[in-house]
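Colleague: my questions concern the predicted model and sequence given below.
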Amino acid sequence: MKKAIIYIPNKNPMQSGLSKNGKWILEFKTENPTKNPLMGWESSSDTYTELKLEFSSKESAVNYAKKKRIDFELIEPRKRKTVKKSYADNFLK
């Protein structure tokens, strides 16, 4: 079967909030990309690459992939580093 990746997409850099950042995506990888001779773009006859499935949790995405016998790679999200800043720190040096 096809190979897929399961991940949480990055937030939009134009947005500062993280409220809608909890969706897990199952996306299929392109196996044999070819170059379009007319425009020079990458293209493929594989229609699975156009498919993105959204899940509310990691477990439901993994269970779906196992149920449908899809080989998958799980990409865990990285933890964000937050630095506490204070306006008063500008004047204490």
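Modeller: Good, I have the coordinates.
Colleague: contacts for the helix or strand of the chain with the lowest mean pLDDT, please.
Modeller: Across the helices and strands of the chain, mean pLDDT, DSSP states H and E gives its lowest value to strand 42-43, namely a mean of 78. Residues outside strand 42-43 that contact it (Cβ atoms under 8 Å, 6 or more residues apart in numbering) are 33-36. C-beta: built from backbone N, CA, C; applies to glycine.
Colleague: and stretch 27-39, by the same measure?
Modeller: Contacts for stretch 27-39 (Cβ under 8 Å, 6+ apart): 2-5, 7, 41-44, 46, 48-49, 51-53.
Colleague: weed out the non-buried ones from these.
Modeller: The neighbour count (16 or more other Cβ atoms under 10 Å) marks 4, 7, 48-49 as buried among those.
Colleague: export these to a markdown table and tack on distance to K79, pLDDT and secondary structure?
Modeller: As requested, those are exported to a markdown table (distance: Cβ to Cβ, whole Å; pLDDT from 0 to 100; DSSP: H, G, I helix; E, B strand; the rest coil):
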| residue | distance to K79 | pLDDT | secondary structure |
| --- | --- | --- | --- |
| A4 | 24 | 93 | strand |
| Y7 | 15 | 94 | strand |
| Y48 | 31 | 83 | helix |
| T49 | 30 | 80 | helix |
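Colleague: could I get the residues you listed as a markdown table with distance to A65?
Modeller: Listed next are the buried ones among the contacts of stretch 27-39 as a markdown table, based on distance: Cβ to Cβ, whole Å:
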| residue | distance to A65 |
| --- | --- |
| A4 | 6 |
| Y7 | 12 |
| Y48 | 13 |
| T49 | 16 |
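Colleague: farthest pair within the residues you listed?
Modeller: Between any two of the buried ones among the contacts of stretch 27-39, the greatest separation by Cβ to Cβ is 16.4 Å, found for Y7 and Y48.
Colleague: run a quick neighbour tally on P77.
Modeller: By other Cβ atoms under 10 Å, 13 other residues sit near P77.
Colleague: quick check: it touching I8?
Modeller: Yes. Counting by Cβ atoms under 8 Å, P77 touches I8, with 4.7 Å between them.
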